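S.K.: Following is a predicted model, sequence given first.
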Amino acid sequence: MTILTNFLLLPLTLLTTLTISTTAQTPKSRTLHPELNAALRTAATSFDRAALLPSSSDWTYDFTAHPNYDSPTGAVINADAATFPAVTGLGSSVALLKLAPCGMLPPHLHPRATNIVTAITGNTTTWMIGENGVGVRRVELLPMMVTVFPQASLHMMQNNDCEPSLLISSLNSDDSGTLNILPSLWSVPQDIIGAGFGNDAFNAADVGKDIPAVGTGAIIGSAECKKRCGIST
């Protein structure tokens, strides 16, 4: 009787699990003015497009007004089609990268854009992997230095200083997209993750429980940097 009951309850359990998983991963759109974005993309001429943006404020984006601007871990603040409609259809966007002491942008990629990053302040190390077999490109970015991450290349960066660092990210898309690698990988079945690591006994749930959420886009980085800077988090 117990076996039969468990058998009958199994589909319900699986359905509940799938529902919870799907709900947890339902993305929230960042687009502030979708109707305006749609109108800008379908405007017949540039003249008609300009008429949809009649005010000087339509052509201005204030990074400091973003709720994550003062985040203690830092933040990636995007001025793109979702937040700054004026760039819709122009194939360009910009992001402010604010890194706290030892702040880090974890491994990620942009599926629809090449990314050029300029350091304004701080001492930031970047790592980039373009594809299998090409190896890692490590760059030390000091103020007024630039590096580039080709479209869809895996990259990450860390502020090595005990003071905040500031960088500007320019992208050749108004909708570049961002894919954070670790949270994405850990969204697939655990046995598949274990197989990918070549270890069926790999405890994906235990390892993955501490992976930071995407959050503001920035996290606190390596243990070495935290120890050197006296950061306890």
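M.R.: Now that the structure is in, tell me what you want to look at.

S.K.: Please tell me how far the nearest residue to residue 186 once chain neighbours are set aside sits from residue 191.
M.R.: Distances taken as Cβ to Cβ, 6 or more residues apart in numbering place residue 208 nearest to residue 186, at 4.0 Å, with adjacent residues excluded. C-betas here are computed from N, CA, C, even on glycine. Distance check for residue 208 against residue 191: by Cβ to Cβ, to the nearest Å, it reads 13 Å.

S.K.: Between the two, which has more neighbouring residues?
M.R.: For the pair residue 208 and residue 191, the greater number of neighbours falls to residue 208 (15 against 11), based on other Cβ atoms under 10 Å.

S.K.: Could I get the phi/psi values of the more buried one?
M.R.: phi -80, psi -10 (degrees, to the nearest 10).

S.K.: Starting from residue 106, give me the distance back to it.
M.R.: If you measure residue 208 against residue 106 using Cβ to Cβ, the figure is 13 Å.

S.K.: Kindly point out which residues are neighbours of both of those two.
M.R.: With contacts taken as Cβ atoms under 8 Å, 6 or more residues apart in numbering, residue 208 and residue 106 have residue 182 as neighbours in common.

S.K.: Tell me which residues touch residue 98, please.
M.R.: Contacts for residue 98 (Cβ under 8 Å, 6+ apart) come out as 69, 71, 74-77, 164-166, 218.

S.K.: closest to residue 229 among these?
M.R.: Proximity of these to residue 229, judged by Cβ to Cβ, is greatest for residue 164, which lies at 11.3 Å.

S.K.: contacting residues around the closest one?
M.R.: Taking Cβ under 8 Å, 6+ apart as the criterion, residue 164 is in contact with 74, 98-101, 103, 121-122.

S.K.: Could you do residue 148 as well?
M.R.: Under the criterion of Cβ under 8 Å, 6+ apart, the contact partners of residue 148 comprise 114-117.

S.K.: which of those residues count as buried?
M.R.: 114-115, 117 (16 or more other Cβ atoms under 10 Å).

S.K.: okay if I get those residues as CSV plus distance to residue 55?
M.R.: CSV is the format used below for the buried ones among the contacts of residue 148 (distance: Cβ to Cβ, whole Å):
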residue, distance to residue 55
114, 31
115, 30
117, 31
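
S.K.: can you list those residues in JSON lines and add secondary structure?
M.R.: Putting the buried ones among the contacts of residue 148 into JSON lines (DSSP: H, G, I helix; E, B strand; the rest coil) gives the following:
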{"residue": "114", "secondary structure": "coil"}
{"residue": "115", "secondary structure": "strand"}
{"residue": "117", "secondary structure": "strand"}
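
S.K.: of all these, which comes closest to residue 64?
M.R.: Using Cβ to Cβ as the measure, the one of these that approaches residue 64 most closely is residue 117, at 20.2 Å.

S.K.: Which positions are bridged to the closest one in the beta structure?
M.R.: In this entry, residue 117 is beta-bridged to residue 147, residue 169, by DSSP bridges.

S.K.: Give me the residue ranges of this structure where confidence is low.
M.R.: 1-27 (pLDDT under 70).

S.K.: Sketch out the strands for it, chain order is fine.
M.R.: Using DSSP state E, the strands of the chain run over residues 74-79, 93-99, 103-109, 115-121, 124-129, 136-141, 146-149, 154-159, 165-171, 179-180, 219-220.

S.K.: name the helices or strands packed onto the first one?
M.R.: Meaning strand 74-79. Contacting strand 74-79 under the criterion 3 or more Cβ pairs under 8 Å, 6 or more residues apart in numbering; DSSP states H and E are the following elements: strand 93-99.

S.K.: that older thread, between the strands of the chain, which one is nearest to residue 197?
M.R.: Using Cβ to Cβ, these put strand 103-109 closest to residue 197, at 15.7 Å.
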